[in-house]
Every structure is written in structure tokens, then in C-alpha cells.
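Chemist: predicted model, plus sequence, below.
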Amino acid sequence: MDSFEKNILITGGAGFIGSHLVRHFVRKYPSYRIINLDALTYAGNLSNLRDIEECPNYVFVKGDICDGELVSGLFRTYRIDAVIHLAAESHVDRSVLDPFTFARTNVMGTLNLLHCARTCWGSLKEGFDGKLFYHISTDEVYGDLPITRDTAPYGESFFTEETAYRPHSPYSASKASSDHFVRAFHDTYGMPVTITNCSNNYGPFQHPEKLIPLFINNIVNRRPLPVYGRGENVRDWLYVEDHVRAIDLIFHARRSGATFNIGGFNERRNIDVIRTLISTVDRILGRAEGEDECLVTFVGDRPGHDLRYAIDSSLLTGELGWKCQVSFEQGIEKTVRWYLGHTRWLEEVTSGEYMKYYDTMYSGRK
Ligand code: NAD
Ligand code: DAU
């Protein structure tokens, strides 16, 4: 007989956000068994979870979300009550180079998970009672917003839960498609689902293909900082642990069929983020102020580069009382210090396949 109160399948738990979420759930809820299904692509890294791998309520399974037999087997073996689905190809630049992999994992993988959940839960006496499929998505599905002001917030408009989908990159098109499949399973089969669309996360364990860790690493090593376009694009930054707290709250609120936007009301132009990173790294390393400004290198723009993302998360703050706890300044300080203290982690991640990929992207942009 199962001694756990709940069995939760978390997909993509060896990645950036997934590893923070798995750690949070394993530690905070010892009565839940967390089954982490991850294919360990270039973005998955088990060293992100070393500190919890011996916990009795944690199980790691290496596998692909597209593998129907494997996923159905996990539903049966562990009597899964809920899925929190994060596994995805997550990097926009990679989706420009290779859209098929994004369609396979993000669309077909999500559909496969939905199908296995439906088949397994549908065969139980209680059916969908007490079950939940929680899909983690992105604000990028909404497209982008105009910049109409010079200071934050950079415009009057924000993405709300009602904003129509208008994805521009193969990545966001694949995430939009997966969101539609999740809603279709709710509307067609009555599956209890929740979707959240979150803005840009940053923090420890983020792969250094993404802006903040890439630039911290390059500043430390005095390598060029490839700023796409003029650096004027705006993103709404959220510290990863604030995202995880939101997921916890929304998971337990059990609003079947609901969508929540998650964002920090924290818009920054890329160039301002980059200047903050330079001054923070230089201060901590005892370098002269502004010494590394010369590393800023304007390169060709990302194709289809979304201009501005800005999330209105007032539904979440109003209905569930969530609030961002980590300011951008605190979050950047913590993040820079974490990367400076984890050079070995960075070296392991950047020594292999990633550097080959980075050379391809960067050499195409001079
Ligand atoms: P990530 O790239 O760091 O991690 C993705 C994880 O998924 C990796 O561990 C990888 O091994 C795993 N994975 C990939 N393909 C798989 C497959 N076929 N089967 C099983 N596992 C597979 O991504 P992240 O930044 O942590 O993002 C996690 C989720 O959150 C994604 O769905 C992403 O779209 C969404 N999201 C990310 C952000 C952000 O700023 N990073 C913001 C909003 C939403
Ligand atoms: O908004 C949520 C999304 O945020 C998530 O859904 C994605 O998974 C996540 O990767 C992130 O997407 P972005 O494309 O916004 O993040 P990225 O870190 O790649 O880029 C942030 C901004 O910085 C973007 O405007 C492009 C720019 N940039 C990025 C890189 C890697 C540069 O100027 N130079 C770079 O080298």
C-alpha cells in the first residue's frame, strides 16, 4: 500500500526551474512522493539536485516525455495523482536553428503526457477526481508589446490572461500549441488542468545559454557580451524562487480550467540588465568601476526578436495573494554570487556541446 499522501510527476525536473521546483516540493512536502522524469538533454543536469537525491520521497527517472510506454508505466507504477509539466526545449535561439526538435518535445511530448494521463486516470474508479495536470508555460505565447515610454513600465499595455495568442518564434509557437492541447483536454475530456504563463526567470542553475548567466560568465572571463540589436528589448524579470512559490500556491489552489499569468512587474531593457551585471560582477571581484563596459558588443539581431514582454499578474496577486519576494537588485546580487561560487558547475556545463552551439550562433551574428 502506498504510504504517500500524493504522487506527483514533475517533468523536466533536472533543468533550471524544474530543479528548484523539485527541491522545494521534496523538502516542503515530505508526505508527497516526487517522481522527476527528465531525458537529461544538454539542458538537464543531475548535479542541480545532488542535495536531495537521497531523500526518501524523491525518485528520478531518466526518460523521454514522448515515450508512451514509459510514461504510462510511470502512471501505473506510482499511481500518479498530479503532473507538473516543465520538460521542454526552452531556448529561443535554438528553436530558430532547429524548430523540429521543439515541435517534437514541446507539442508531441505534451500531447503524449496528456494522452497517458487521460488513459490512466480514465481507467480508475474515481476517474479525474482529485487529479490535476498543471502545465508550465510562457508569456512568449502572447507575442510582444510596443514600447511607448522611455522609463519602466515601458508601455501602457500588459499581457493579461485574456490576451490573444500571437507567438513569433518556433519556441513560442510550440509552447502556444502545447497550451492549446492542454485546454482541449479540459474542454473535450473534462481533464482538470491549470496553465500558467510566466515571464523571464533568472537565478542559480540556469544554463549559460540564457542572457543573465551567459553574460555573468563572459564578464568574469572578459569575453565579449553579444547584445542583440541595440539592447533595447524589454523583458519582465522574475527570480526563480518567486516563480516556484507561485507554482506551489497555484498547484494547491486547484482551479481546474484556470490560467494565471506570473510576472514580477519588473521590466528592464536588456542593456540596463547588462550594465547592472557588469557593475555587480566588477564590484564583487574588486575591479575598477565600469572597467568591463568595453566588453559590450552589439551584434546582429535575433530573427523575429520580440520587443517587449510585460505581464499583468494581478489575477494571481488578487485571487491567491501571491507577491514577489525578491527584488531585482537582491536577485541579481544572489545570482552573481552563486555563479562566482560555482565555477566548476559552469565549467562542466560550458565545456561540452554547449560551446559548439554557442560558436555557431555567435559566429553567424557578427
Ligand atoms: P530548461 O531548458 O532549463 O530545462 C528543461 C528540462 O527539460 C531539462 O532538464 C531537459 O533535460 C528536460 N527535457 C527536454 N526535453 C525532454 C524530453 N523530451 N523528455 C523529458 N525531459 C526533457 O528549461 P527551464 O528554463 O527550466 O524551463 C522549464 C519550463 O518552464 C519550460 O516548459 C519553459 O517553457 C517554461 N518557462 C521557462 C521560463 C524561463 O524564463 N526559463 C519562463 C516561463 C516558462
Ligand atoms: O519570457 C519567458 C521566456 O524567457 C521563456 O519562455 C524562455 O524559455 C526563456 O529562454 C526566456 O526567453 P528569452 O528569449 O527572453 O531569454 P534569453 O535569455 O534568451 O534572452 C533575453 C533577452 O536577451 C532577449 O531579448 C534576447 C537578448 N539576448 C540574449 C542572449 C542569449 C542578447 O541580447 N544576447 C544574448 O546572447
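Modeler: The structure has been received and is ready for your questions. Ligands and ions are numbered 1, 2, ... in the order given.

Chemist: quick check: Ile274 touching Val227?
Modeler: Yes: applying C-beta atoms under 8 Å, one finds Ile274 in contact with Val227, separated by 6.4 Å. Where C-beta positions appear, they are placed from N, C-alpha and C, glycine not excepted.

Chemist: give the residues shared as contacts by these two.
Modeler: Val296 (C-beta atoms under 8 Å, 6 or more residues apart in numbering).

Chemist: apart from its chain neighbours, what residue comes closest to the closest residue to ligand 1 within the stretch 201-350 of the chain?
Modeler: Per C-beta to the nearest ligand atom, Asn201 is where the stretch 201-350 of the chain lies closest to ligand 1, at 3.7 Å. If the residues on either side of it in the chain are set aside, Asn201 comes closest to Val240, at 4.7 Å by C-beta to C-beta, 6 or more residues apart in numbering.

Chemist: from ligand 2, how far off is that neighbour?
Modeler: 12 Å (C-beta to the nearest ligand atom, to the nearest Å).

Chemist: one more: Leu316?
Modeler: From Leu316 to ligand 2 the distance is 16 Å (C-beta to the nearest ligand atom).

Chemist: likewise Cys120?
Modeler: Counting by C-beta to the nearest ligand atom, the gap from Cys120 to ligand 2 is 29 Å.

Chemist: circling back to that earlier point, in a strand, the residue of the stretch 201-350 of the chain closest to ligand 1, correct?
Modeler: Yes: Asn201 forms part of a strand when assessed by DSSP: H, G, I helix; E, B strand; the rest coil.

Chemist: quick check: bridge partners of it?
Modeler: Legend: beta-bridge partners of Asn201 under DSSP bridges are Leu238.

Chemist: count the residues that sit near it.
Modeler: Number of residues near Asn201 (other C-beta atoms under 10 Å) recorded here: 24.

Chemist: contacts only, for it.
Modeler: Phe16, Ile17, Trp237, Leu238, Tyr239, Val240, His243.

Chemist: so which of these wins on neighbours?
Modeler: Going by other C-beta under 10 Å, Leu238 tops these with 27 neighbours.

Chemist: and the nearest residue to Ile311 once chain neighbours are set aside, what is it in contact with?
Modeler: Nearest residue to Ile311 in three dimensions, chain neighbours excluded: Gly263, at 2.6 Å (C-beta to C-beta, 6+ apart). Residues in contact with Gly263 (C-beta under 8 Å, 6+ apart) are Asp139, Phe159, Cys198, Ser199, Asp236, Leu238, Ala310, Ile311, Asp312, Ser313.

Chemist: hmm, the last one is touching Thr259, no?
Modeler: No: taking contacts as C-beta under 8 Å, Ser313 lies outside contact range of Thr259: 11.6 Å.

Chemist: these two: which is more packed in?
Modeler: When neighbours are counted by other C-beta under 10 Å, Ser313 and Thr259 differ, and Ser313 comes out ahead with 28 against 20.

Chemist: can you give me the distance of His168 to ligand 1?
Modeler: Distance from His168 to ligand 1, by C-beta to the nearest ligand atom: 15 Å.

Chemist: name the residues of the stretch 151-300 of the chain found near ligand 2, please.
Modeler: Ser199, Asn200, Lys210, Leu211, Leu214, Pro226, Val227, Tyr228, Asn233, Arg235, Asn270 (C-beta under 6 Å from any ligand atom).

Chemist: isn't the second one up against Tyr239?
Modeler: So the one you mean is Asn200. No: in this structure, Asn200 is not within contact of Tyr239 by C-beta under 8 Å, at 10.5 Å.

Chemist: follow-up on the earlier one: most neighbours among the residues of the stretch 151-300 of the chain next to ligand 2, which one?
Modeler: Going by other C-beta under 10 Å, Ser199 tops these with 24 neighbours.

Chemist: and for Arg255, the neighbour number?
Modeler: The number of residues near Arg255, taken as other C-beta under 10 Å, comes to 14.

Chemist: for it, give its distance to Ser3.
Modeler: 29 Å (C-beta to C-beta, to the nearest Å).
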